[in-house]
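Colleague: Here you go, sequence then predicted model.
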Amino acid sequence: MTRVLSVASEAYPLIKTGGLADVVGALPAALAPHGVATTTLLPGYPALAAVTKRAKVVHRYTDLFGSPARILSAKIGEHPLLVLDAPALFARGGGPYGDATGADWDDNWRRFAAFGRVGADLASGVVAGHAYDILHAHDWQAAMAPAYLRWAPGPGRPAKSVVTVHNIAFQGRYGADIFSELGLPDAAFALDGVEYYGGVGFLKAGLEAADAITTVSPTYAAEIRRGEFGMGLEGLINTHAARVTGIVNGIDPAVWNPASDSALHARYSARTIARRRVNKRAVEAMFGLDAGDGPIFTVISRLTWQKGMDVLVRVLDDLVAMGGRLALLGSGDTALELAFLAAADRHPGRIGVRIGYDEPASHLLQGGADAILIPSRFEPCGLTQLYGLAYGCVPVVARTGGLSDTVIDANEAGIAAGVATGIQHDGVSPEAVSHAIARATALYATPDRWATLQRNGMRADFSWGESGRRYAQLYAKLMEPS
Ligand SMILES: Nc1ncnc2c1ncn2[C@@H]1O[C@H](COP(=O)(O)OP(=O)(O)O[C@H]2O[C@H](CO)[C@@H](O)[C@H](O)[C@H]2O)[C@@H](O)[C@H]1O
């Protein structure tokens with residue numbers, strides 16, 4: 001049995017702001033069939049209070065970055081969970097990274113350095129009864145764990161380390177002045193250490209320190225070697241290319257399955273797709289859309305530049321002119337929120353917008369809308385297209401990152417071969433997005449072709465099976481005696 005400590009700042013269903021949580025939440029069950037026992041380490045946000053109420057204390061710190069802290073042992077589903085209970089750092093309102101207005105906490109460097117320190121302690125024998133073969137850190141918030149493991153480990157045998165990049169755009173960059181407070185030896189402030197463009201880079205440090213680097217699709221693994229996608233880390237990724245692999249995300253069938261999803265008004269399978277109509281009516285009601293048989297497009301997304309939302313908002317008049325309707329659920333940049341709300345005002349009954357975060361509504365949209373629009377400028381993997389495929393909500397996506405790896409375009413060849421599952425467009429211009437919407441609308445008007453797209457997507461395998469196996473293989477390779 002391989003023992004893995006999965007260190008992350010989010011995990012569904014306990015705390016979620018995006019796709020990271022879905023993946024971290026799904027990994028323990030995805031890895032178990034491959035002989036991997038996963039323990040997840042999360043920060044002790046208020047949202048975790050319910051699961052830690054009767055938790056056992058496994059370790060106490062009198063002074064962790066200036067205040068007392070404890071490590072608590074609990075469960076996430078059936079799997080072991082450790083929680084860093086450090087009230088001075090994590091017991092506060094707002095979100096995991098910022099206050100209720102969305103502004104980042106000033107002490108995020110301290111919060112996530114402390115979190116990394118604890119991950120490294122657990123992975124190098126500081127806590128009696130806890131031993132791990134692999135420390136698996138997700139994104140910049142956890143990336144200091146492998147850095148501490150490398151440059152300031154505990155007394156025991158250090159675990160091997162993996163860093164998974166879910167989004168290289170978020171890096172945890174701070175001024176050089178924090179270095180002296182991190183508790184690392186001076187030698188770690190180096191080109192192949194935590195130093196990054198004169199300051200400190202948490203993700204950069206983790207990538208330098210880790211024994212292996214993964215990202216969440218093969219195409220994104222190749223893209224981040226280029227300046228356009230690497231966001232300053234392309235040099236490092238190229239230098240370490242031999243240690244970088246892309247493993248596509250799966251979806252958790254216990255959470256995303258249209259045959260058993262309690263958020264749907266009607267449950268269905270590939271054989272009973274017509275039942276989606278009931279959900280479509282519910283989407284119309286929820287979003288104030290006119291009833292009708294034309295296509296309903298949906299967006300379930302952070303409203304940001306990454307997701308191409310500034311471009312999408314410019315083609316909404318076209319979408320309506322083509323006979324489409326839009327049901328959008330999302331939140332993000334204020335200017336984009338306002339622009340979508342203005343579009344809804346211009347097109348009552350045709351465009352419905354809900355600003356906010358609503359997990360059940362996201363399920364209903366996948367089960368009732370006809371197509372999901374994902375015009376991302378970059379997309380490390382993307383999960384909403386996978387949910388769309390599983391739910392017969394046809395993805396209309398930019399050809400980038402994981403979107404190009406998981407959707408098969410309905411061009412003539414794809415249709416003739418009977419393999420098409422969605423629509424891809426090149427680049428994220430208004431013309432490209434509008435053209436893709438036009439292609440979707442035309443296909444929708446040919447019910448046989450549309451139903452084939454839906455069925456192909458629903459029958460495709462996006463379970464964790466193969467990806468779970470690949471993570472397990474990676475761990476096994478790292479544990480081979482060198
Ligand atoms: N308003 C809302 N209400 C309810 N649910 C909402 C919502 N807005 C978004 N969601 C949900 O949040 C998740 C978003 O996941 P994505 O993979 O699309 O993107 P994200 O950019 O967060 O993740 C990053 O990490 C993941 C995981 O590796 C990569 O797939 C991705 O490419 C990368 O950018 C989905 O579960 C979606 O349903």
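Modeller: On my side now, so go ahead. Numbering: from 1, shown residues only.

Colleague: for the ligand, what are the nearby residues on this structure?
Modeller: Residues of the chain that fall close to the ligand, judged by CB under 6 Å from any ligand atom: 18-20, 22-23, 166-167, 216, 249, 300-302, 329-331, 357-359, 362, 379-384, 402. From N, CA and C alone the C-beta is placed, and that goes for glycine too.

Colleague: Am I right that Asp22 falls within a helix?
Modeller: Yes: assignment of Asp22 by DSSP: H, G, I helix; E, B strand; the rest coil places it within a helix.

Colleague: That one: how many residues sit nearby?
Modeller: Asp22 has 24 neighbouring residues, counting by other CB atoms under 10 Å.

Colleague: Was I right to think it contacts Cys381?
Modeller: No: with contact defined as CB atoms under 8 Å, Asp22 does not reach Cys381; the gap is 10.1 Å.

Colleague: SS state for Gly414?
Modeller: helix.

Colleague: could you list every residue that touches it?
Modeller: Going by CB atoms under 8 Å, 6 or more residues apart in numbering, Gly414 touches 408, 420.

Colleague: ok, it to Val396 distance?
Modeller: 14 Å (CB to CB, to the nearest Å).

Colleague: Next: Leu443.
Modeller: 10 Å.

Colleague: got it, and Val126?
Modeller: Computed with CB to CB, the distance linking Val126 and Val396 is 49 Å.

Colleague: again with Met322
Modeller: Using CB to CB, one gets 13 Å for the distance from Met322 to Val396.

Colleague: shared neighbours of these two, anything?
Modeller: Shared contacts of Met322 and Val396, counting by CB under 8 Å, 6+ apart, come down to Ile437.

Colleague: Settle it for me: which of these two has more neighbours?
Modeller: More neighbours surround Val396 than the other of Met322 and Val396, with 27 against 16 (other CB under 10 Å).

Colleague: Skip the chain neighbours and tell me the closest residue to that one.
Modeller: Leaving aside its sequence neighbours, Val396 sits nearest to Ile423 (CB to CB, 6 or more residues apart in numbering; 4.5 Å).

Colleague: next one: phi and psi at the one you found?
Modeller: phi -130, psi 130 (degrees, to the nearest 10).

Colleague: And the pLDDT for it?
Modeller: What the model reports for Ile423 is a pLDDT of 98.

Colleague: Verify the stated contact: it with Thr441.
Modeller: No: contact criterion CB under 8 Å: Ile423 and Thr441 do not qualify, at 10.3 Å.

Colleague: When those two are compared, which one has more neighbours?
Modeller: Just comparing Ile423 and Thr441: by other CB under 10 Å the higher neighbour count belongs to Ile423, 26 against 18.

Colleague: residue of the stretch 201-350 of the chain with the smallest distance to the ligand?
Modeller: Using CB to the nearest ligand atom, the single residue of the stretch 201-350 of the chain nearest to the ligand is Val216, 4.1 Å away.

Colleague: these two touch, right, that residue and Asn249?
Modeller: Yes: with contact defined as CB under 8 Å, Val216 counts as touching Asn249 (5.2 Å).

Colleague: Quick check: neighbours shared by the two?
Modeller: Counting by CB under 8 Å, 6+ apart, the residues touching both Val216 and Asn249 are 23, 381, 402.

Colleague: show me where the stretch 51-200 of the chain has strands.
Modeller: Secondary structure of the stretch 51-200 of the chain by DSSP state E, counting those that start in this stretch: the strands cover 56-64, 67-76, 79-85, 134-138, 160-165, 173-174, 195-196, 199-201.

Colleague: Residues contacting the fourth one, please?
Modeller: Judged by CB under 8 Å, 6+ apart, the contacts made with strand 134-138 from elsewhere in the structure are 2-9, 20, 23-24, 116, 119-120, 122-123, 143, 145-146, 149, 159-164, 166, 206, 210, 475, 478-479.

Colleague: Pairing partners for that strand, with directions?
Modeller: When pairs are called by DSSP bridges, strand 134-138 turns out to pair with strand 2-7 (parallel), strand 160-165 (parallel).

Colleague: what's the most buried one of these?
Modeller: By mean neighbour count, with neighbours taken as mean count of other CB atoms under 10 Å, strand 160-165 ranks first of the strands paired with strand 134-138 at a mean of 27.

Colleague: host element of Phe378?
Modeller: For Phe378, there is no host helix or strand (DSSP states H and E).

Colleague: quick one, phi/psi of it?
Modeller: Dihedral angles for Phe378 - degrees, to the nearest 10 - are phi -140, psi 150.
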